[in-house]
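Enquirer: Pasting the sequence and the predicted coordinates here, then a few questions.
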Amino acid sequence: MTITFAQPAVAAAHDDRPPSPVTVPSEVTVLPGPALLAGIEAGPSLAAHRDQHGPLPRLDRAALMTDLERISLRGRGGAGFPFATKLAALGSGRPVLVVNLSEGEPASSKDSGLALTRPHLVLDGAVTTARALAAREIHLVLPGERPMAAGSMRAAIAERDDPVRIRTHVAEPRFVAGQAKAVVELLSGRPNLPRTSWAPEAVSGHQGRPTLLSNGETWARIGLLALHGARDYARIGIPTEPGATLITVGTPGSVPVVREAAYGDVVRDLIPRERHGRPVLIGGFHGSWATWETVASLRLSVSRMRTLGTPLGAGVLLSLGRDDCPVDLTRKVVGYLAGQSAGRCGPCFNGLPALADAVDAVARGRGGTARVEELSRLVVRRGACAHPDGTVRLVRSLLSTFAAEVAAHAGGACRWDDDDELVGVA
């Protein structure tokens, strides 16, 4: 059974920023899965949720930490940071909890799919943690471009009577709006953009207080852990990475499909058969290109995929469409990312637009790769946030994965058609 949600389109911002080549979808399909997405056919109501999962138990901080370490829970927002480590790093004082459902990555719909089908698992995870830490409030950051997902979370809050205050905020429709420091800025009433700060949020976040911030799926996993325990949580997955993760599977112009897969599953089995044989952008716009040969041999694993240079990142598997060229699609993505930066540091303000121009020149046959490689070295690891690094990761993966295609474009041609014949570049 599949469940498809159609949501009203949000008018695009009228500015000079390049548009995303993968637009925020007006429809999302969600498939039932083995853990978070089990039983979604019953609907998202609190009554259906409690019928399936039972009442929310109360855990103290020590018990929660023990269970988190037992299942090796990693954040699902892209960095894959161990959640127990983040919890242990909380500074002194009463903490603030933040549920980040902003989902600024256009190619991802997993948090939206979760909000539409499992809002109470998200809230259970946050409430469990807040009670364990004696936190008095939870900040819920909703997506500005996905009104149905935001509405589903608001409806879920209205059904509950939790002993913790839940405040909602709406993220700006911008790629970097979900970055941790940008979220803290939003909570403080300032522009929803990253700023330079070397102190982690767990030490000094919202209003200088220790802040525990993670994305919607991470909190939902904690909810599942609290409701069913570590042993049940680890019944799927692999010993080093118990459990499952949400994946958005799509191709430009198609309705994205959100599905849940256990760690250790074969990645190619997550992609529809009609798209087999095509290259895949793994991890989203800050991700890496992989040939089908690479994809066909991959198993789902945060640590293993990172080692292989194809990190899972935002949990996106974006296949090329039949008429899509990887060089041209990367050109469009990099141009979009350059326009999405906060513009608050040199690598973003100057470096990313220059890199976008250099990639554009290669794609259109007006320049070689030397300038692209030079700018990539200048930009990487020098930004106030990870936006430049993620953009460079995408560019470098294009150069290494599609060297022949890049060379063809630099020479004024494109090799990307069904017969692998050279065609002129427009």
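Expert: That came through fine.
Enquirer: Which segments of the protein make up each domain?
Expert: Structural domains annotated on the chain: 3-233, 246-319, 326-424, as defined by automatic domain parsing.
Enquirer: Quick check: residue 31 vs residue 156, distance?
Expert: Applying C-beta to C-beta, to the nearest Å, the value for residue 31 to residue 156 is 21 Å. Where you see a C-beta, it was placed from the backbone N, CA and C, and this is true even at glycine.
Enquirer: These two - which one has more neighbours?
Expert: Between residue 31 and residue 156, counted using other C-beta atoms under 10 Å, the more crowded position is residue 156 (22 against 15).
Enquirer: Quick check: which element contains the more buried one?
Expert: helix 147-159 (DSSP states H and E).
Enquirer: Identify each buried residue in the helix or strand following that helix, please.
Expert: Following helix 147-159 in sequence order, the next helix or strand is strand 165-170 (DSSP H and E). Of the residues in strand 165-170, 166, 169-170 count as buried by neighbour count, 16 or more other C-beta atoms under 10 Å.
Enquirer: repeat for stretch 274-294
Expert: For stretch 274-294, the neighbour count (16+ other C-beta under 10 Å) marks 275, 278-290, 292, 294 as buried.
Enquirer: out of these, which are inside strands?
Expert: The members of the buried residues of stretch 274-294 that map onto strands under DSSP state E are 280-282, 288-290.
Enquirer: ok, the buried residues of strand 165-170 vs residue 335, which is closest?
Expert: residue 170 (26.3 Å; C-beta to C-beta).
Enquirer: hang on, the earlier thing: so which bits of the helix holding residue 156 are buried?
Expert: Residues 148-150, 152-153, 156-157 are the ones in helix 147-159 that count as buried (16+ other C-beta under 10 Å).
Enquirer: Go through the residues you listed and say which is closest to residue 96.
Expert: Proximity to residue 96 was ranked across the buried residues of helix 147-159 by C-beta to C-beta; first place goes to residue 157, at 17.2 Å.
Enquirer: And the pLDDT at the closest residue to that closest one other than its chain neighbours?
Expert: Leaving aside its chain neighbours, residue 157 sits nearest to residue 166 (5.4 Å; criterion: C-beta to C-beta, 6 or more residues apart in numbering). On pLDDT, residue 166 comes in at 97.
Enquirer: which ones are touching residue 166?
Expert: Counting by C-beta atoms under 8 Å, 6 or more residues apart in numbering, residue 166 touches 123, 126, 137-140, 157.
Enquirer: Which members of those are classed as buried?
Expert: Neighbour-count burial (16+ other C-beta under 10 Å) is assigned, among the contacts of residue 166, to 123, 126, 138-140, 157.
Enquirer: thinking again about what came up before, residues in contact with the helix holding residue 156: which ones?
Expert: The contact list for helix 147-159, computed with C-beta under 8 Å, 6+ apart, reads 5-8, 10, 44-46, 101, 103, 111-112, 115-116, 119-120, 122-123, 140, 142-144, 166, 168, 170.
Enquirer: Among those residues, which ones are in helices?
Expert: In helices, defined here by DSSP state H, the members of those are 46, 111-112, 115-116, 119-120, 122-123.
Enquirer: report the longest helix in the protein, please.
Expert: helix 216-233.
Enquirer: who does that one touch, helix- and strand-wise?
Expert: Secondary-structure packing of helix 216-233 (3 or more C-beta pairs under 8 Å, 6 or more residues apart in numbering; DSSP states H and E): helix 61-71, strand 96-100, helix 110-117, helix 119-133.
Enquirer: Of those, flag the one that's most buried.
Expert: Among these, helix 110-117 has the highest mean neighbour count (mean count of other C-beta atoms under 10 Å), at a mean of 28.
Enquirer: OK, contacts around the closest residue to residue 110 other than its chain neighbours?
Expert: The shortest distance from residue 110 to any non-neighbouring residue, by C-beta to C-beta, 6+ apart, is to residue 246 (3.9 Å). Applying C-beta under 8 Å, 6+ apart to residue 246 gives the contacts 33, 36-37, 76, 110, 113-114, 217, 258-260, 315.
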